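Peer 1: Give the three-dimensional model of this entry:
(chains A, B, C and D)
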Number of protein chains: 2
Amino acid sequence: MKPATIRDVAERADVSVASVSRVLNGAGPVTEATRMRVLEAVEALQYVPHSGARSLSTSRTNTIGVILPDLYGEYFSELIRGMDVAARARGYHLIVSSSHDSADEASAAIRSMRGRVDGMIVLSPHVGAANLASGLAGRTPILLMNGGADVERPSIVIDNHGGAVAAVEHLVALGRTRIVHIAGPTGNLDAEARMAGYMEAMARAGLPPRVVEGAFTKASGHEAGESLAAAAERPDAVFAANDNMAVGAMLALQDAGLRVPEDIAIVGFDDIPLVSLVRPALTTLKINIAETGKRALQRLVGSIESAGEVAAAACEVVRPELVIRPSSVAATTPANRYARHRSLATAGEAISKGEHPDDQV
Amino acid sequence: MKPATIRDVAERADVSVASVSRVLNGAGPVTEATRMRVLEAVEALQYVPHSGARSLSTSRTNTIGVILPDLYGEYFSELIRGMDVAARARGYHLIVSSSHDSADEASAAIRSMRGRVDGMIVLSPHVGAANLASGLAGRTPILLMNGGADVERPSIVIDNHGGAVAAVEHLVALGRTRIVHIAGPTGNLDAEARMAGYMEAMARAGLPPRVVEGAFTKASGHEAGESLAAAAERPDAVFAANDNMAVGAMLALQDAGLRVPEDIAIVGFDDIPLVSLVRPALTTLKINIAETGKRALQRLVGSIESAGEVAAAACEVVRPELVIRPSSVAATTPANRYARHRSLATAGEAISKGEHPDDQV
DNA sequence: CTGTTAGCGCTTTCAC
DNA sequence: GTGAAAGCGCTAACAG
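Peer 2: I've put the predicted structure just below:
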């Protein structure tokens, strides 16, 4: 008892498969009479077109693939959410593939998507432009989001350098002088650009740079925080390469008895939803993550549908915005309990405003 | 300059397409000689099989669809992460579809997956067993995770009732008597079961129930918290139907000047990563979310590959585990600063242990 | 307006 | 061992 095919429908409606196809796709002329007959047959047979077969003949899958290095944390889920919204609005499906530990795995994943997607968005830092150029994806349109400003192909990059500079300048303006950077993993282009921005801004401010390693994870931030707390010369500010590490570091520092921001100010990067829920809420460089994902998908679909026209193979830059929260600037009122209230109010506000529209189980 | 097809490879290797297929699939006998020739041609032509076409002839897509109501927050991202891990381990792709506001939309999404997936995991609360039964998905194997313990078809459900009872009993054991429940959205089976558990446990304890509405979102929890803080008779404990609402409520209550857990204890449900990062960390009913997602995928794939054998159409139950954190039980030491330390240490511990393996940008 | 037919790219009997 | 050919389900010319 297999599902009905277009042929079954044609038979039952006593028309040709072509007519059925026409009716179903709203393409081509059809009498109202046949139209009805077809629809009735479709109904009776519970017919649903086989999209795989359709793809084969149209060579369009209405699916776009997303290659991620990982699926942990809010950064990626926000990104996917944005993409999903845009995709569904344009009638596309999303096929996600993550956890590629090596360049080989990522390549394999990309390859395995051929014939399955109309284009893909690639975030894997392992996948260099070289890999892609080597025909990995064949003629499949690709949009890069892996931090490398690639002038040759469509991509979206964050202005990491500018963001980092803004972070440091903010801390310097606050009078902090011993500003440490918790770096992201080496090899990650976003991480490296943030570090470069930090170095440059520090140099410009005439301050000695100090970098401790991190891996973009909360755990690595926590470790970094512990080492800083135990260090001989304690910093008075931390600029972490992403929010996860900033949160991890903050917990470790607080754990060590330091007050944030009085003893040590903290600035993160990304503005994941989490940062406005921790205490104190984190100052960070805000990227509208979901919006960026949405934008990425729109651009990709645009270039797919314009089918090779002006491919607008440009590199779009997203400029993060400094959002100041209590982790760097204590409330204006000196009294400590007021500071606390201030911080809570801030977070509360973010929530009720629906800034991060929220989760459902 | 279109991508090479199997025919191109056959031509170049001077063999038949059948042989190419055999070599590539490792099926059927082939001389080492032709084998080499084929592989060489594949290499030269950068040939990658068109999975769409393969699907059409094998009627297997190696893709499973995931229908979600939403994509907000950590619950779903953790779930997807678990599924993705399991999927990739078994050679499957994941196609996600979310944001279905209505039953119709969800149905359409399910239907549009026909011919595209080998099976699907459905979480949309809108999709009742009835809809599914009416052939929506045709013969496509489905695994339900929408809270309804459906004995007739494969599903995974959380023991919401038991979890809720455990939550209330925990609070009662702590001596709390004015325990309020922040409920999830009506119509959501998980939410309703949690509420029922709450009611039963309260009755059993001889305590008057008191329920305030919520919607599983942080914002709704925040609102609920505000109303509770302003209420005439202030509760001394809150059991929220999920962690998001618990966190939202906690922020509102703290905002209103209440101390957690001294003035009011809070218990959530789910154990999303976030809850061990807020202050105080939240007591909650832990579901190993990623693990559950992994399990769901494994079961589905199992039933797909056993192709109708003992379909094990059972309803599997996941029992949440009460994890006690400082939001319900203050540290043993009376001094306040110690309590603070305790709470931080707890969270720090969770991080460094890699309980929530973490994010990368 | 409608039916016929030729593929889309691959797998898979079934002969040779 | 290998090749020829028949589809998988659908769309898209091209005739009628």
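Peer 1: Just read off the phi/psi values of residue A:239.
Peer 2: Torsion angles at residue A:239 (phi, psi; degrees, to the nearest 10) stand at phi -120, psi 110.
Peer 1: quick one: stretch A:23-37 near DNA strand D?
Peer 2: Yes: judged by CB under 7 Å from any atom of the strand, stretch A:23-37 and DNA strand D are in contact via A:24, A:25, A:27. No exception for glycine: its C-beta is placed from N, CA and C like everyone else's.
Peer 1: Buried residues in that stretch, which are they?
Peer 2: A:23, A:24, A:30, A:34, A:37 (16 or more other CB atoms under 10 Å in any protein chain shown).
Peer 1: The strand or helix carrying the fourth one near DNA strand C at all?
Peer 2: Read it as residue A:34. Per DSSP states H and E, residue A:34 falls inside helix A:32-45. Yes: applying CB under 7 Å from any atom of the strand, one finds helix A:32-45 touching DNA strand C at A:33, A:34, A:35.
Peer 1: now for that helix, which elements pack on it?
Peer 2: Judged by 3 or more CB pairs under 8 Å, 6 or more residues apart in numbering or on different chains; DSSP states H and E, helix A:32-45 is in contact with helix A:6-13, helix A:17-25.
Peer 1: So which of those helices is nearest chain B?
Peer 2: Taking CB to the nearest CB, helix A:6-13 is the member of those nearest to chain B, at 11.5 Å.
Peer 1: Can you work out which other helices and strands pack against that closest one?
Peer 2: helix A:17-25, helix A:32-45.
Peer 1: Centre of the chain to the last one, how far?
Peer 2: Spelled out, it's helix A:32-45. 44 Å (CA atoms, centre = their mean, to the nearest Å).
Peer 1: Apart from its chain neighbours, what residue comes closest to residue A:178?
Peer 2: Nearest residue to residue A:178, sequence neighbours excluded (CB to CB, 6 or more residues apart in numbering or on different chains): residue A:235, at 4.4 Å.
Peer 1: next one: residue A:314
Peer 2: residue A:154 is the one closest to residue A:314 (CB to CB, 6+ apart), at 6.8 Å.
Peer 1: roughly how far apart are that neighbour and residue A:299?
Peer 2: Separation of residue A:154 from residue A:299 (CB to CB, to the nearest Å): 6 Å.
Peer 1: now do residue A:159
Peer 2: Residue A:159 is 17 Å from residue A:299, where distance means CB to CB.
Peer 1: who's more crowded, these two?
Peer 2: Using other CB atoms under 10 Å in any protein chain shown as the criterion, residue A:159 and residue A:299 rank with residue A:299 on top: 21 against 18.
Peer 1: which ones are touching that one?
Peer 2: Residue A:299 is in contact with A:143, A:154, A:156, A:312, A:316, counting by CB atoms under 8 Å, 6 or more residues apart in numbering or on different chains.
Peer 1: What strand or helix carries residue A:64?
Peer 2: strand A:63-67.
Peer 1: Show me the shaky parts of the stretch 51-200 of chain A.
Peer 2: Applying pLDDT under 70 to the stretch 51-200 of chain A flags residues A:126-138, A:149-151.
Peer 1: what does it have sitting close to DNA strand D?
Peer 2: So the stretch 51-200 of chain A meets DNA strand D at A:53, A:54, A:56, A:57, A:58 (CB under 7 Å from any atom of the strand).
Peer 1: contacts for stretch A:61-68?
Peer 2: Identification of contacts with stretch A:61-68 by CB under 8 Å, 6+ apart yields A:51, A:55, A:76, A:79-80, A:83, A:87, A:91-98, A:100, A:106, A:109-110, A:113, A:115-124, A:127, A:297, A:300-301, A:304, B:52, B:95, B:116.
Peer 1: Cross-check those against DNA strand C and keep the overlap.
Peer 2: Among those, proximity to DNA strand C is found for residue A:115 (CB under 7 Å from any atom of the strand).
Peer 1: what about burial for the contacts of stretch A:61-68, which qualify?
Peer 2: Buried among the contacts of stretch A:61-68 (16+ other CB under 10 Å): A:51, A:55, A:76, A:79-80, A:83, A:87, A:92-98, A:100, A:106, A:109-110, A:113, A:115-124, A:127, A:297, A:300-301, A:304, B:52, B:95, B:116.
Peer 1: Looking at those residues, which are in helices?
Peer 2: A:51, A:55, A:76, A:79-80, A:83, A:87, A:106, A:109-110, A:297, A:300-301, A:304, B:52 (DSSP state H).
Peer 1: Distance check, the spatially most central residue of chain A against residue A:272.
Peer 2: By CA atoms, centre = their mean, chain A has its centre lying nearest to residue A:79, at 3.3 Å. With distances taken as CB to CB, residue A:79 is found 10 Å from residue A:272.
Peer 1: what's the overlap in contacts for those two?
Peer 2: residue A:289.
Peer 1: and residue A:322, what element?
Peer 2: For residue A:322, the host element (DSSP H and E) is strand A:321-323.
Peer 1: Partner strands of that strand and their direction?
Peer 2: strand A:283-286 (antiparallel) (DSSP bridges).
Peer 1: now the partner strand, how far from the centre of its chain.
Peer 2: Centre to centre, stretch against its chain (CA atoms, centre = their mean), the figure for strand A:283-286 is 15 Å.
Peer 1: And for that strand, what's in contact with it?
Peer 2: Taking CB under 8 Å, 6+ apart as the rule, strand A:283-286 contacts A:163-164, A:166-167, A:170, A:243, A:246, A:265-271, A:275, A:320-329.
Peer 1: Let's see that with 10 Å instead.
Peer 2: By CB atoms under 10 Å, 6 or more residues apart in numbering or on different chains, the surrounding residues in contact with strand A:283-286 are A:158-160, A:162-164, A:166-167, A:170-171, A:174, A:194, A:239-240, A:242-243, A:246-247, A:261, A:265-272, A:275-276, A:319-329.
Peer 1: Produce a PyMOL select command limited to the buried residues of those.
Peer 2: Typed into PyMOL, the next command selects the buried ones out of the contacts of strand A:283-286 (criterion: 16+ other CB under 10 Å):
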select buried, chain A and resi 158+159+160+162+163+164+166+167+170+171+174+194+239+240+242+243+246+247+261+265+266+267+268+269+270+271+272+275+276+320+322+323+325+326+327+328+329
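Peer 1: what kind of secondary structure is the closest residue to residue A:1 other than its chain neighbours in?
Peer 2: Once flanking residues are discounted, residue A:1 sits nearest to residue B:139: 7.6 Å by CB to CB, 6+ apart. Secondary structure, DSSP: H, G, I helix; E, B strand; the rest coil: residue B:139 is coil.
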